[in-house]
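# Just need the structure, nothing else, for what follows:
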Amino acid sequence: MPTQKKSVSRKRSKQGKKSRASGARFERKVREDLERKGWIVSKWMNTVDYDKEGKIGKLVPAKRKFNPFLRALSMGTGFPDFICLKRDSSGNYEAIGLEVKRNGYLDKIERGMCHWLLEHRIFSRILVAKTGKKRGEIEYIDFAEKYIKS
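Numbers count the residues shown, from 1 in each chain. Predicted coordinates for the structure are as follows:
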C-alpha cells in the first residue's frame, strides 16, 4: 500500500512540473507576441496587499518564492504578471497590466486586486491573456469589459 501512495505522489509531482513548464512557455509566448506588436513588456514585481478586514489595500513588493530542495528562487510572483507600456500618437505612454492565464479565469482574490488597481489608476487597463480556440492562438480579454458591470 505505501508504494501505491508514492506512485500517486510522483505522478502529481510530474504533472505539476509539466503544468508549471507549460505555463512558463505560454508566458514567454504572450510576451513575445506583445513585443512584436510594439509594446514594451516588463515583469511586474508588486502586488496588492489588503489589511486584515480586506478593505484597505496598498501596493507592496511581491514576496519571492524559494524552494530549498531545488535551490530555486522565483522572482516573478507579482500580480499582474507584466506591465506593458506603449507610446500613443500624442507622445503619451499607456500603461496596462497583463495577467497570463491559460484558461482566462481569475479567482475572486485576483478580481479584487484588479478592481483595486483600476480604481487607484495604477493601470489604465488590465488584460487577461488566454489560449485561443485555434492551436497557438492567444486571446486577450479586457478585464473591465468582462467583469465590471456598468
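
# Can you give the distance of stretch 47-57 from its chain's centre?
19 Å (CA atoms, centre = their mean, to the nearest Å).

# Rounded mean pLDDT for it, please.
Averaging pLDDT along stretch 47-57 yields 77.

# which SSE is residue 8 in?
Following DSSP states H and E, one finds residue 8 within helix 2-36.

# where does residue 135 land in three-state SS?
Assigned with DSSP: H, G, I helix; E, B strand; the rest coil, residue 135 falls in the coil class.

# Report the mean per-residue pLDDT for stretch 127-146.
94.

# can you check stretch 94-101 too?
For stretch 94-101, the per-residue pLDDT averages 95.

# which residues in the chain form helices?
According to DSSP state H, the chain carries its helices in the segments 2-36, 108-119, 143-147.

# If you count neighbours, what's buried in the shortest one?
Residues of helix 143-147 classed as buried: residue 143 (neighbour count, 16 or more other CB atoms under 10 Å). (Each C-beta comes from the backbone N, C-alpha and C, glycine too.)

# Mind giving me the packing neighbours of that helix?
helix 108-119, strand 125-131 (3 or more CB pairs under 8 Å, 6 or more residues apart in numbering; DSSP states H and E).

# The first one vs strand 125-131, what angle?
Meaning helix 108-119. On the basis of axes from the mean of the first three to the mean of the last three CA atoms, to 10 degrees, helix 108-119 is oriented at 140 degrees to strand 125-131.

# Output helix 108-119 in PDB with nothing but the alpha carbons.
The C-alpha trace of helix 108-119 is given here as PDB (Å, rounded to 0.1, in the frame of the first residue of the first chain):
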ATOM      1  CA  LYS A 108     -12.200  36.100  -6.500                       C
ATOM      2  CA  ILE A 109      -9.000  37.500  -4.900                       C
ATOM      3  CA  GLU A 110      -7.400  38.200  -8.300                       C
ATOM      4  CA  ARG A 111     -10.600  40.000  -9.500                       C
ATOM      5  CA  GLY A 112     -10.500  42.100  -6.300                       C
ATOM      6  CA  MET A 113      -6.900  43.100  -6.900                       C
ATOM      7  CA  CYS A 114      -7.700  44.000 -10.500                       C
ATOM      8  CA  HIS A 115     -10.600  46.200  -9.300                       C
ATOM      9  CA  TRP A 116      -8.300  47.900  -6.800                       C
ATOM     10  CA  LEU A 117      -5.500  48.500  -9.400                       C
ATOM     11  CA  LEU A 118      -8.000  50.100 -11.800                       C
ATOM     12  CA  GLU A 119      -9.800  52.200  -9.100                       C
END
